[in-house]
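Q: Here is my input, please return the structure:
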Amino acid sequence: MNRFEGKVIIVTGAGSGIGAGTARRFLQEGAFVVVNGRREHKLHETIAGFDAAKSLIHPGDVSDEAYIKRLIDDTVTRFGKLDVLVNNAGIATFGPFEQTTTEVWRKTMATDLEGVFFACREALPHLTKTKGSIVNLSSASGLGGDWGLSAYNAAKGAVTNFTRALALEYGSRGVRINAVAPSLTSTDATADLEKLESVIAAFRDRLPIGRAATPDEVAGVIAFLASEDAIFINGVNLPVDGGLHASNGQPNFLKLLAQG
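A: Okay, the predicted model is just below:
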């Protein structure tokens, strides 16, 4: 497919995981893609094998307001416009709430929430011209609470509702704003977690599909929401969770009864 031929797209956090998969998906579909991340060498890995003229490597920290302005300005200077913004960059810190320091809280909010705010604010004047779209990365953790992820839950919950609010304001201006909410996805960030068989067994028990998502699977949903195929979808926080949210939270009675 070449749904994005001639389109200009920014993907933040594109050095690995969902961001890298998303950037490659857009390149495969003909887009000009600007890849952001804090590690330049990882961005080079993301675009390896693609036409260098169709990409721009732009290393930097999305929590830096001045940097985000440069990112948007440089994109428009290089490619002449902006059609899609994917706010993927994010961090998560696990631990009991009483061990959550002010530094950890602020760093999480700065990257996961303020980075989204800065990018949306700078991008929207350009997106209103192209009738473009934004896809934010929320999380299953932005649709409900977790044990040990209070700062991440707060930031992603804010992204979830921020997405809705912007969709209300900008839908009439021709800009669609949606979010995806993945559950466990196999990335560099979850590699250590997935080495623990007890953790993976617990996820398998909760995920009807029985496994973690791959970055490419989430990227496919992001590409759909950014495409004309989703032209009447606005303000949605779409779970990409293998059926996790199909459950009301009660245990698997069939499994319990089978165990006696």
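
Q: Please make it C-alpha for all contacts and neighbour counts, starting now.
A: Noted.

Q: Tell me which other helices or strands the top helix by length along the chain touches.
A: In terms of residue count, the longest helix belonging to the chain (DSSP state H) is helix 150-170. In terms of contacts (3 or more Cα pairs under 8 Å, 6 or more residues apart in numbering; DSSP states H and E), helix 150-170 is packed against helix 102-109, strand 133-137, strand 176-182.

Q: Show me how far the first one is from its chain's centre.
A: Taking Cα atoms, centre = their mean, to the nearest Å, one finds the center of helix 102-109 at 19 Å from the center of the full chain.

Q: same check, this time on stretch 12-19
A: Remark: stretch 12-19 is offset 8 Å from the chain centroid, using Cα atoms, centre = their mean.

Q: Can I get it in PDB, CA atoms only?
A: These are the backbone C-alpha positions of stretch 12-19, laid out as PDB (Å, rounded to 0.1, in the frame of the first residue of the first chain):
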ATOM      1  CA  THR A  12       8.800  10.700  18.200                       C
ATOM      2  CA  GLY A  13      10.600   8.000  20.200                       C
ATOM      3  CA  ALA A  14      11.500   6.300  16.900                       C
ATOM      4  CA  GLY A  15      14.700   4.700  17.900                       C
ATOM      5  CA  SER A  16      13.200   1.500  19.100                       C
ATOM      6  CA  GLY A  17      10.000  -0.500  19.800                       C
ATOM      7  CA  ILE A  18       6.700   0.900  18.700                       C
ATOM      8  CA  GLY A  19       8.200   4.100  17.400                       C
END
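
Q: what's that stretch in contact with?
A: 11, 20-23, 35-40, 42-43, 45-46, 62, 86-90, 186-189, 214-216, 218-219 (Cα atoms under 8 Å, 6 or more residues apart in numbering).

Q: got the buried residues for that stretch?
A: Of all the residues in stretch 12-19, those buried under the rule 16 or more other Cα atoms under 10 Å are T12, G13, A14, G15, S16, G17, I18, G19.

Q: What are the contacting residues of stretch 24-31?
A: Residues contacting stretch 24-31 (Cα under 8 Å, 6+ apart): 1-9, 32-33, 46-47, 50, 54, 216, 219-220, 223.

Q: how about a cut-off of 10 Å?
A: Applying Cα atoms under 10 Å, 6 or more residues apart in numbering, the contact partners of stretch 24-31 are 1-11, 14, 18-19, 21-23, 32-35, 46-51, 54-55, 83-84, 216, 219-220, 222-223, 226.

Q: any idea of the mean pLDDT for that stretch?
A: Regarding stretch 24-31, the rounded mean pLDDT is 98.

Q: Just checking the distance from it to the centre of its chain.
A: 16 Å.

Q: how about G249, secondary structure?
A: coil (DSSP: H, G, I helix; E, B strand; the rest coil).

Q: Look up how far G157 lies from it.
A: Distance from G249 to G157, counting by Cα to Cα, to the nearest Å: 19 Å.

Q: And T128, by the same measure?
A: Separation of T128 from G157 (Cα to Cα): 26 Å.

Q: on that earlier part again, which positions in the longest helix of the chain come out as buried?
A: Buried residues in helix 150-170, counted by 16+ other Cα under 10 Å: 150-164, 166-167, 170.

Q: got the angle between that helix and strand 176-182?
A: 160 degrees (axes from the mean of the first three to the mean of the last three Cα atoms, to 10 degrees).

Q: Low-confidence stretches in the stretch 101-250 of the chain?
A: Counting by pLDDT under 70, the ranges of the stretch 101-250 of the chain that qualify are 190-191, 193-194.

Q: element containing the nearest residue to G242 once chain neighbours are set aside, please.
A: Spatially, and ignoring its direct neighbours in sequence, G242 is nearest to I209 (5.2 Å; Cα to Cα, 6 or more residues apart in numbering). Assigned by DSSP states H and E, I209 belongs to no helix or strand.

Q: Now do the same contact list for I209.
A: Counting by Cα under 10 Å, 6+ apart, I209 makes contact with D241, G242, G243, L244.

Q: Since that was my last question, I'll sign off now.
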